[in-house]
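Chemist: sequence? don't have it. structure:
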């Protein structure tokens, strides 16, 4: 495939799972891709720590159409000033951070003559793009950011949000509240001294589904989930909503009016709106496939 004119030379900074996923997509799109990481690996072309300036990284960035930061928040913020300084005017700087507001403020405040586009793949990289969503915020749009979103739009469902705050408000519900609910379930099991060896043979599908989600988190990088809970500016609001909801349920369960708890359950289901039937059908299909794991021999 001929290289895309706007993304002919791309530097991906960060050789982890997200960096590899996007590097592969950009290479398949025809770009020459250089992967940078501080740890040597077969897929890494340049071994250097992007948090500090180096002549090799500056040389790579000087000829780049696009630099993509696939790093944790602290490392991305450390790398930001000298990456911006090394990029040529008109180049694109993209990031893949789960929380956008702090990085967006810093990137825009630098007033560098580059395009800025912020991405957030809403799935584990091992799942691939097909049928998945990528959130995008065009902080300083231009032809290269449009080319990047067009490339990703051919692979996944790209959902563009107006700014970093809108992104973080959305992910407070999509990620913070979701992960916190699953983690709270795990903490509750620990407090209840639950014995899974005893419980699994009798476990109903919803219990197994929550266990599977907890195991999904356990298989991921704790730092990623911690960053989402800690750094999202709306995380406290999301967790408070969960805490208040549990308190409401507890209060209603002890209410002298038995209708109160039923009303609260109906209130909890109200946000489903017109999606209720389709989602219920999806749940039935998913739960029908959930089975207790085989016992270790």
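Modeler: Here it is on my side, so go on. Keep in mind it's a predicted model, so treat the numbers as computed, not measured.

Chemist: next SSE after the helix or strand that contains residue 76?
Modeler: Residue 76 belongs to helix 73-86 when assigned by DSSP states H and E. The helix or strand immediately downstream of helix 73-86 is strand 92-95, counting by DSSP H and E.

Chemist: scan this protein for its longest helix.
Modeler: helix 235-253 (DSSP state H).

Chemist: residue contacts, residue 212?
Modeler: residue 290 (CB atoms under 8 Å, 6 or more residues apart in numbering). No exception for glycine: its C-beta is placed from N, CA and C like everyone else's.

Chemist: measure residue 235 to residue 176 for me?
Modeler: According to CB to CB, to the nearest Å, residue 235 and residue 176 sit 5 Å apart.

Chemist: which one's more surrounded, those two?
Modeler: residue 176 (27 against 21; other CB atoms under 10 Å).

Chemist: which residues touch the residue of the chain most remote from its centre?
Modeler: Distance from the centre of the chain peaks at residue 256, with 43.2 Å (CA atoms, centre = their mean). Residues near residue 256 by CB under 8 Å, 6+ apart: none.

Chemist: quick check: mean pLDDT of the longest helix of the chain?
Modeler: Model confidence over helix 235-253, given as mean pLDDT, is 97.

Chemist: mean pLDDT per helix and strand in this structure: which one sits at the bottom?
Modeler: In the chain, no helix or strand scores lower on mean pLDDT, DSSP states H and E than helix 222-231, which sits at a mean of 90.

Chemist: show me what that helix is packed against.
Modeler: Applying 3 or more CB pairs under 8 Å, 6 or more residues apart in numbering; DSSP states H and E, we find helix 222-231 packed against helix 178-191, helix 235-253.

Chemist: again, only using 7 Å
Modeler: helix 178-191 (3 or more CB pairs under 7 Å, 6 or more residues apart in numbering; DSSP states H and E).

Chemist: what helices or strands is the helix it packs on leaning on?
Modeler: helix 205-219, helix 222-231, helix 235-253.

Chemist: helix 235-253 and that one, what's the angle between them?
Modeler: If you take axes from the mean of the first three to the mean of the last three CA atoms, to 10 degrees, helix 178-191 sits at 50 degrees to helix 235-253.

Chemist: just the mean pLDDT for helix 178-191, thanks.
Modeler: 98.

Chemist: having no further points to raise, I will conclude here.
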